[in-house]
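Asker: Predicted coordinates and the sequence they were generated for:
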Amino acid sequence: MSAMKHLDTYALNDGTTIPLIGLGTYNLRGHAGVESMVNAIHAGYRLLDSAFNYENEGALGQAVRTCGVPREDLRLVSKLPGRHHRYEQAVDTVEESLFSAGLDYWDLYLIHWPNPRQGLYVEAFQALVDLQKKGLIRSVGVSNFLPEHIERLRDEVGVVPAVNQIELHPYFPQAESLEAHRNLGVQTMSWSPLARKLHVVDEPVLTQIGHETGKSPAQVVIRWHLQRGTLPIPKSASKERQAENLDVFDFELSEDQMARIATLARPDGRSANQDPAFYEEF
């Protein structure tokens with residue numbers, strides 16, 4: 001049986017740590033969003049993932065202030081939008097994000113997309129590194145970056161991102177990116193970890209493994225993430241589903257079960273047409 005526990009963490013390359021599972025907060029806004037985030041914190045989540053473009057940094061800050069858990073026990077994440085990659089724009093955006101959330105610092109701040117045709121992600125990353133030195137960001141990272149983008153940051157800025165948040169689920173297991181991240185010392189964070197838009201949890205192989213383990217297909221998928229060393233951030237507004245997604249530390253998938261899940265991989269299993277080599281986020 002795995003020794004992983006609910007409050008265990010991954011060690012990041014900058015000396016900080018991050019929980020094994022987080023809560024995605026996309027579309028969690030307003031009073032209902034605050035309530036959902038507070039419920040998640042009460043359920044045991046300590047990592048909450050937001051973004052400037054989610055328009056919910058204020059709701060996240062309100063949840064932090066009302067949840068009853070000390071700020072220092074939480075790991076709060078936000079992301080820089082593509083339209084603000086210029087150095088001064090990036091600095092202003094991070095500061096405005098902190099003002100909106102009512103926070104003194106972000107635990108982790110990411111560049112949301114590389115926007116390679118725009119060609120400014122190195123400039124944006126330098127801004128984040130400089131803000132880290134000022135204490136406004138504890139860890140700097142990226143999202144949806146390809147390995148060559150990360151290598152360029154390493155070569156030109158001299159800093160390797162602590163995290164790369166990418167789409168990753170059984171249809172799109174991203175084996176090459178995972179291997180590159182390991183070699184670079186980057187922690188992989190998985191968005192859309194359950195691929196709910198693609199209904200991956202309805203796959204018969206996951207249903208069968210759920211029967212074998214006494215767990216739901218969603219719990220099987222989250223356990224699959226953990227055993228691959230990735231950090232899933234499932235999004236849910238439901239108290240019951242939030243609790244279920246966190247209840248994955250009392251079982252372990254066998255090598256055979258992991259191999260059967262691997263058969264679900266598709267040549268391009270993305271949930272949307274968002275190839276980081278071409279996609280431009282506003």
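Answerer: Nice, thanks for sending it over. Residues are numbered from 1 along each chain as shown.

Asker: Break down the stretch 101-250 of the chain into its strands, ranges please.
Answerer: Using DSSP state E, counting those that start in this stretch, the strands of the stretch 101-250 of the chain run over 106-111, 137-143, 163-167, 187-191, 231-232.

Asker: Same list (the ones you listed) but as a markdown table, adding mean pLDDT and mean neighbour count.
Answerer: Bear in mind the C-beta positions are built from the backbone N, C-alpha and C, glycine included. Output for the strands of the stretch 101-250 of the chain, formatted as a markdown table (pLDDT from 0 to 100; neighbours: other Cβ atoms under 10 Å):
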| stretch | mean pLDDT | mean neighbour count |
| --- | --- | --- |
| strand 106-111 | 98 | 27 |
| strand 137-143 | 99 | 25 |
| strand 163-167 | 98 | 24 |
| strand 187-191 | 98 | 24 |
| strand 231-232 | 98 | 24 |
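
Asker: for these, which one sits closest to Tyr10?
Answerer: Among the strands of the stretch 101-250 of the chain, the nearest to Tyr10 by Cβ to Cβ is strand 187-191 (5.4 Å).

Asker: Take the strands of the stretch 101-250 of the chain and write them to TSV, including distance to Val220.
Answerer: Converted to TSV, the strands of the stretch 101-250 of the chain look like this (distance: least, Cβ to Cβ, whole Å):
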stretch	distance to Val220
strand 106-111	27
strand 137-143	25
strand 163-167	19
strand 187-191	15
strand 231-232	12
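
Asker: I'd like to know which of those lies nearest to Thr207.
Answerer: Of all the strands of the stretch 101-250 of the chain, strand 231-232 sits nearest to Thr207, with 19.3 Å by Cβ to Cβ.

Asker: which neighbours does the closest one have in its sheet, and in what orientation?
Answerer: Within its sheet, and counting by DSSP bridges, strand 231-232 is paired with strand 187-191 (parallel).

Asker: hang on, the earlier thing: right, and the strands of the stretch 101-250 of the chain - which one's nearest Gly269?
Answerer: Of all the strands of the stretch 101-250 of the chain, it is strand 163-167 that lies closest to Gly269, at 8.6 Å by Cβ to Cβ.

Asker: ok and the closest one relative to strand 187-191, angle-wise?
Answerer: Interaxial angle, strand 163-167 versus strand 187-191 (axes from the mean of the first three to the mean of the last three Cα atoms, to 10 degrees): 30 degrees.

Asker: and the closest residue to Thr66 other than its chain neighbours, what is it in contact with?
Answerer: Nearest residue to Thr66 in three dimensions, chain neighbours excluded: Val38, at 6.1 Å (Cβ to Cβ, 6 or more residues apart in numbering). Contacts of Val38 were listed using Cβ atoms under 8 Å, 6 or more residues apart in numbering, and they are 63, 66-67.

Asker: and what of Ala90?
Answerer: For Ala90, counting by Cβ under 8 Å, 6+ apart, the contacting residues are 80, 84, 123-124, 127-128.

Asker: again, only this time at 7 Å
Answerer: Ala90 makes contact with 80, 84, 124, 127-128, according to Cβ atoms under 7 Å, 6 or more residues apart in numbering.

Asker: Inside helices: which ones of those residues?
Answerer: 124, 127-128 (DSSP state H).

Asker: Just the closest of these to Ile18, please.
Answerer: Using Cβ to Cβ, the ones in helices among the contacts of Ala90 come closest to Ile18 at Leu128, 16.5 Å.
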